[in-house]
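Student: Here you go, sequence then predicted model.
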Amino acid sequence: MKLNQKLIASSLALLIANSSSSFAAGYSTELTSTSGLGNSYAGSVTGIHDVSDMFFNPAILTDVENSQFIFSASYIDLNINTKGASNSNGTSRSANVSDAGVNGVLPALYAANRINEDAVFGLAITSPFGLGTRYNDSWQGSDRAIASSITTVNINPTLAYKINNQLSVGAGFQAQYYRSQLTNRTASVYYSKVQGSDWGYGFNLGANYKVNDSLKFGIGYRSKIDHNIDGTVQAQGFGYSDMQSKTSTPESLTLGTAYKLNPDIELAYDVTWTRWSRLKSLSVNAYQNSALSTSSSYNWHDSFLNSVGANFNLNNKWLLRTGLAYEKEAMTDANRNPSVPMSNKVWTSLGFNYKFSDTFSVDAAYVHQFYRNAVSKLNATSNGSASSLNVHYKTRVDVFSLALKKEF
């Protein structure tokens with residue numbers, strides 16, 4: 001299959017430019033697949049959608065009959081409001097912030113090509129991690145966060161192999177670009193800014209097992225990726241320095257099953273564990289000016305996403321999708337940082353696939369997340385800050401996603 005090089009180049013440019021809105025646990029974006037979003041990702045590890053399911057399990061590619069190309073784009077409306085921000089003494093400064101969330105568009109690109117009867121090659125370009133928040137310069141928590149952004153672009157070639165008619169396995173290599181920029185205000189007037197980037201590398205594995213034509217199971221694993229972020233740190237009144245900071249994006253494990261009640265109705269369940277407990281702290285080591293070195297405490301916990309979904313074939317052109325999920329967040333009141341003020345949430349989703357022809361179709365999905373109202377109770381030493389922070393967060397997320405799918 002010959003892929004349009006200009007399309008791939010422009011898609012990659014869009015990924016780098018726009019992948020900075022947090023959506024799911026920690027600073028995951030979870031905006032990797034339009035068809036998967038329609039089911040709140042239920043069934044993705046078993047491959048009930050299309051080749052975009054290779055993100056969760058590369059082994060699903062053995063079900064591909066023809067070469068396939070998918071380009072999707074998801075718009076996220078992230079609304080974060082703070083109420084009653086104060087320190088432990090009750091002192092409040094700009095206590096309420098209206099909409100600190102940064103909206104954005106996140107594209108994803110997938111391609112798959114059959115090598116022979118048993119082997120299939122796949123390529124995924126996604127943005128699995130990212131965040132974007134922006135508070136008022138004078139708000140109560142400005143010494144912890146004002147503007148924060150994390151951008152990732154993950155290039156993931158994979159290979160799937162069918163061992164027999166029931167069992168398939170897959171493996172892939174991940175090359176991930178990571179860029180971050182964090183600003184806050186030291187004391188009452190001085191601003192600090194940390195920015196840097198790095199390439200890191202990892203792998204992913206998966207297996208798919210078909211019990212019969214109606215029932216199948218899947219498992220998929222994505223490794224952690226270590227990043228040595230090189231960049232700069234600067235603060236008014238303290239100077240400028242080159243710096244390095246080490247972090248890791250977490251590994252994840254997804255298990256799931258799908259069952260066809262009849263030719264027109266399919267049910268699915270997935271559970272995904274993400275090891276956010278790796279994020280204990282984050283240190284910035286300034287080379288030329290040790291006064292600019294900092295250390296922030298996070299102490300996050302592992303997160304879990306449980307998803308259920310159903311697909312309904314209406315006719316040979318229309319397929320409807322729906323999904324429901326519950327996600328346990330990585331943060332608690334004692335370690336919820338304003339850069340990523342996420343909390344436990346419920347997903348609801350709807351989607352469809354419409355076939356214009358046997359080889360060309362469109363997917364669309366809508367997701368709304370109901371967040372538990374969250375509280376931060378950060379002490380004076382957490383996150384490298386000299387002051388405490390008590391604040392209530394009210395968060396709302398809406399996602400609109402569209403994908404074009406072409407078979408060759």
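Tutor: That came in fine, so what should we check first? Note that the coordinates shown come from a computational prediction; the quantities given were computed from them, not determined experimentally. Residues are numbered from 1 along each chain as shown.

Student: so where's the chain uncertain?
Tutor: Counting by pLDDT under 70, the ranges of the chain that qualify are 1-26, 88-96, 186-191, 380-387.

Student: So which residues of it form helices?
Tutor: Assigned by DSSP state H, the chain shows helices spanning 5-18, 34-37.

Student: contacting residues around stretch 113-123?
Tutor: With C-beta atoms under 8 Å, 6 or more residues apart in numbering as the test, stretch 113-123 has contacts from 1, 51, 54, 58, 61-62, 64-67, 109-112, 155-162, 172. Backbone N, C-alpha and C define where each C-beta goes, glycine included.

Student: can you do 10 Å?
Tutor: The contact list for stretch 113-123 (C-beta atoms under 10 Å, 6 or more residues apart in numbering) reads 1-3, 8, 51-55, 58-69, 109-112, 155-164, 168, 170, 172, 408.

Student: tell me which residues of it are tucked away?
Tutor: By neighbour count on 16 or more other C-beta atoms under 10 Å, the buried set for stretch 113-123 is 113, 114, 120, 121, 122, 123.

Student: Looking at these, spot the one nearest residue 239.
Tutor: The closest of the buried residues of stretch 113-123 to residue 239 turns out to be residue 123 (C-beta to C-beta; 44.2 Å).

Student: Looking at strand pairing, list the partners for that closest one.
Tutor: Note on residue 123: beta-bridge partners by DSSP bridges are residue 111, residue 157.

Student: from memory residue 69 sits against residue 404, does it?
Tutor: Yes. Using C-beta atoms under 10 Å, residue 69 is in contact with residue 404, at 8.5 Å.

Student: Settle it for me: which of those two has more neighbours?
Tutor: residue 69 (21 against 15; other C-beta atoms under 10 Å).

Student: For that one, which residues count as its bridge partners?
Tutor: Beta-bridge partners, per DSSP bridges, of residue 69: residue 111, residue 406.

Student: Next: residue 97.
Tutor: residue 82.

Student: tally of neighbours for it?
Tutor: By other C-beta under 10 Å, neighbour count at residue 97 equals 21.

Student: swap in residue 402?
Tutor: 14.

Student: which residue packs closest to it, ignoring adjacent ones?
Tutor: Among residues not flanking residue 402 along the chain, residue 364 sits closest, at 5.3 Å (C-beta to C-beta, 6 or more residues apart in numbering).

Student: I figured the one you found hits residue 319, correct?
Tutor: No. With contact defined as C-beta under 10 Å, residue 364 does not reach residue 319; the gap is 11.2 Å.

Student: more crowded one of those two?
Tutor: Neighbour count, other C-beta under 10 Å: between residue 364 and residue 319, residue 319 has more, with 22 against 19.

Student: so who does the more buried one touch?
Tutor: Residue 319 neighbours (C-beta under 10 Å, 6+ apart): 35, 38, 49, 264, 266, 311-313, 351-355, 361, 363.

Student: what's the answer for residue 208, then?
Tutor: Residue 208 makes contact with 45-47, 53, 57-63, 160, 162, 166-170, 216-220, 256, according to C-beta under 10 Å, 6+ apart.

Student: make it 6 Å
Tutor: The neighbours of residue 208, taking C-beta atoms under 6 Å, 6 or more residues apart in numbering as the test, are 59, 60, 168, 218.
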